[in-house]
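Chemist: Please find the sequence and the predicted model below.
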Amino acid sequence: MATAVTEEVVDYDEVLERYDPVMGLEVHVELNTATKMFCGCATEFGAEPNSQVCPVCLGLPGALPVVNDKAVESAIRIGLALNCEIATWCRFARKNYFYPDMPKNFQTSQYDEPIAFNGHLDVELEDGTTYRVEIERAHMEEDTGKSLHVGGSTGRIHGAEYSLVDYNRAGIPLIEIVTRPLTGAGGRAPEVAKAYVGALRELLRALGVSDVKMEQGSLRCDANVSLRPKVGDATSEEQAAVPLGTRTETKNVNSLRSVERAVRYEITRQAAILDKGGKITQETRHWHEDTGVTTSGREKSDAEDYRYFPEPDLVPVAPTRETVDALRRTLPEPPGERRRRLQADWGYSDLEMRDVMNAGAVELISETVAAGATPAGARKWWTGELARRANAEGRSVEDFGVTPTHIAELDGLVRDGRLNDSMARQVLEGVLAGEGTPTEVADARGLELVQDDGALEAAVDKVIEANADVAQKVRDGKVQAAGALIGQVMKEMRGQADAGKAREIILAKLTG
Amino acid sequence: MSALSRDDVAHLAGLARIDLSDAELDRMSGELGVILDSVAKVQEVAAGDIEPMSHPLPLTNVTRPDVVRPSLGAAAALAGAPQQDQQRFSVPRILAED
């Protein structure tokens, strides 16, 4: 636990009376290529330390990098999906710094010639309004190694006695997407930040270029925040003319919710400093998920301190017009449009659709419906039981090992009348426990509705006889009293009956 | 026309994690100044009609397919490490944050 100095903050609503927040967001996306950016090492997550390294990504003398063609393709597709212009000719550059996470002592990146630039992404906010995020650039680079800080009392870097470095991640293709300063959002800045990262994640997932798992670091967000005096409405011309304040950069904010919280916290912290006539230090700050605050990191280096220069070991990337056009034809339907189309196809209400999106289940439901489930059935499982569990366990629904095919099969078993709802839940338990497919679990656990109408009728007769008073009420026209009888019948059948059918038989016998 | 001051050299040495003595700083300012002046002379010759060049070869788009090739293996990768622990490279503690 870092010893976080508690800094003063100002009430958020009060900040907005005096200041106009401006953000800039940098998102790093790890591509899901099979190999690294400049060498053929595998990129599998969670492999044994230093098992996916070679002379190129270890920066051994004489090793020469060669660009991964798939990574360039993905970079161009991301650029196109973000409505960017694609460079006709661009180079890699060396970003020089000495830190053990990069054994070469430089990171191969792009500097003044990004592969994609001048784009935008329209982001839908909760209330249905749209905010246009201007994209300055998207450039190619490589990820760094992972350090484990050992010794000292805290495990964090201050007081650490030494660091253990694993270079498996060093050299994994990374696309850095940088926005222009986001102005005009006013008090909605934190919401815009969250919505942008969410929309970007959805877009990248639709493109199929990255796993976009924030908790595993394949999508990471750095949030630049600054305040300037408020002189008018956030979107007014007078406000736009006010120069930007000094910004801080909060690093590695690793969930959508944290993006919103970190931006909000930083706004309230900076306001407290400015209120006292203080100055904001331009620095990197660290977000602490547990305490909800940011703490000071290092002072930010000037770009010139990185002594960028064109990478001499890699020749320029010059995508032809034909290549770019061909890649443009591979772009998926924009997620916003697709969502509206699917909502109409599935017949979900706005509220239902929002639940589905909040559960991150649009793709899962789409695949489940494609596998034969009803839209209502697919939604019920993915946003109900599974989402509830994912939330409780802090995991993502995709990580449970339950597939759209499983859910479609489960939905089918219910529709065919083999399982009732409570049996289906038990079957899901079994699937989650790795006992097999829904049919296998149902077979193994002997879960099946009794199809034998004779057995059901016998049970109904028995229950009617034992509950003559209730039966009489139903006969007298109090149909809702049948509920008590259905419960008894289900009990008699040990839950292995179709409650709907039981109701039919009871009503037929008593009112028919 | 050397614009490189002693402070510039000290700053660069800091970025490069090179510890230079006062005498070395004096000497390096002079030597680096001469190098910069020489480069500046080349720039005089390279007028506006000559494209700046970063690569000697007229090649673009040299790529490789996204196909996994064998890595070194952790043992070989770590063989040259002065220190290692838990199959990782062990390096002295770092003062700056990452």
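Modeler: Cool, the structure landed.
Chemist: going forward, measure contacts and count neighbours with C-alpha atoms only.
Modeler: Noted.
Chemist: Tell me where the chain is predicted with low confidence.
Modeler: The chain I'm using is chain A. A:1-5, A:151-160, A:299-301 (pLDDT under 70).
Chemist: actually it's chain B I care about, not the one you picked
Modeler: In chain B (pLDDT under 70), the answer is B:1-2, B:94-98.
Chemist: And for the closest residue to chain A within it, nearest residue in space, chain neighbours not counted?
Modeler: Residue nearest to chain A within chain B: B:Arg93 (4.0 Å; CA to the nearest CA). In this structure, B:Arg93 finds its nearest non-sequential neighbour in A:Tyr162, 4.0 Å apart by CA to CA, 6 or more residues apart in numbering or on different chains.
Chemist: With A:Lys279 instead?
Modeler: Counting by CA to CA, 6+ apart, the residue nearest A:Lys279 is A:Ile273, at 6.7 Å.
Chemist: in which helix or strand would I find the one you found?
Modeler: helix A:256-275 (DSSP states H and E).
Chemist: What strands line up against the helix or strand that that helix is followed by, and which way round?
Modeler: Downstream of helix A:256-275, the next assigned helix or strand under DSSP H and E is strand A:283-288. Partner strands and pairing direction for strand A:283-288 (DSSP bridges) are strand A:248-253 (parallel), strand A:293-299 (antiparallel).
Chemist: Tell me the buried residues in the last one?
Modeler: By 16 or more other CA atoms under 10 Å in any protein chain shown, the buried positions in strand A:293-299 come out as A:Val293, A:Thr294, A:Thr295, A:Ser296, A:Gly297.
Chemist: how about the helix ranked longest in chain B against chain A, any contact?
Modeler: When chain B is parsed with DSSP state H, its longest helix is helix B:22-45. No: taking CA under 8 Å from any CA of the partner chain as the criterion, helix B:22-45 and chain A are apart, separated by no less than 15.2 Å.
Chemist: Give me the spatial nearest neighbour of A:Tyr196, chain neighbours excluded.
Modeler: Excluding its sequence neighbours, the residue lying closest to A:Tyr196 (CA to CA, 6+ apart) is A:Val123, at 5.8 Å.
Chemist: can you pull up the bridge partners for the one you found?
Modeler: A:Tyr131.
Chemist: That one contacts A:Ala193, doesn't it?
Modeler: No: assessed by CA atoms under 8 Å, A:Val123 is found out of contact with A:Ala193, at 9.7 Å.
Chemist: Looking at the two, which one has more neighbours?
Modeler: For the pair A:Val123 and A:Ala193, the greater number of neighbours falls to A:Ala193 (28 against 22), based on other CA atoms under 10 Å in any protein chain shown.
Chemist: how big is the angle separating the host helix or strand of that one from helix A:256-275?
Modeler: Assigned by DSSP H and E, A:Ala193 belongs to helix A:189-207. Here helix A:189-207 points in a direction 150 degrees away from that of helix A:256-275 (axes from the mean of the first three to the mean of the last three CA atoms, to 10 degrees).
Chemist: For helix A:189-207, buried residues please.
Modeler: A:189-207.
Chemist: Stretch A:311-327 too?
Modeler: A:Glu311, A:Leu314, A:Val315, A:Pro316, A:Val317, A:Ala318, A:Pro319, A:Val324.
Chemist: Same question for stretch A:486-496.
Modeler: Under the neighbour-count rule (16+ other CA under 10 Å), stretch A:486-496 has A:Ile486, A:Gly487, A:Gln488, A:Val489, A:Met490, A:Glu492, A:Met493, A:Gly495, A:Gln496 buried.
Chemist: hang on, isn't the first one packed against A:Lys501?
Modeler: No: taking contacts as CA under 8 Å, A:Ile486 lies outside contact range of A:Lys501: 9.5 Å.
Chemist: secondary structure class for B:Asp19?
Modeler: What DSSP: H, G, I helix; E, B strand; the rest coil gives for B:Asp19 is coil.
Chemist: Now do the same contact list for it.
Modeler: The contact partners of B:Asp19, by CA atoms under 8 Å, 6 or more residues apart in numbering or on different chains, come to B:Ala13.
Chemist: how far away is the most centrally placed residue in chain B from A:Asp452?
Modeler: Against the mean C-alpha coordinate of chain B, by CA atoms, centre = their mean, the closest residue is B:Ala16 at 8.0 Å. B:Ala16 sits at a distance of 83 Å from A:Asp452 (criterion: CA to CA, to the nearest Å).
Chemist: got the contact list for B:Cys25?
Modeler: Careful, residue B:25 is Leu; it's not Cys. Per CA under 8 Å, 6+ apart, neighbours of B:Leu25: B:Arg6, B:Val9, B:Ala10.
Chemist: Now tabulate the residues you listed in a markdown table and tack on secondary structure, neighbour count and distance to A:Lys279.
Modeler: Output for the contacts of B:Leu25, formatted as a markdown table (DSSP: H, G, I helix; E, B strand; the rest coil; neighbours: other CA atoms under 10 Å in any protein chain shown; distance: CA to CA, whole Å):
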| residue | secondary structure | neighbour count | distance to A:Lys279 |
| --- | --- | --- | --- |
| B:Arg6 | helix | 16 | 30 |
| B:Val9 | helix | 20 | 30 |
| B:Ala10 | helix | 21 | 28 |
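Chemist: burial measure for the nearest residue to A:Val362 once chain neighbours are set aside, as a count.
Modeler: Nearest residue to A:Val362, sequence neighbours excluded (CA to CA, 6+ apart): A:Val356, at 6.1 Å. Per other CA under 10 Å, the neighbour tally for A:Val356 reads 22.
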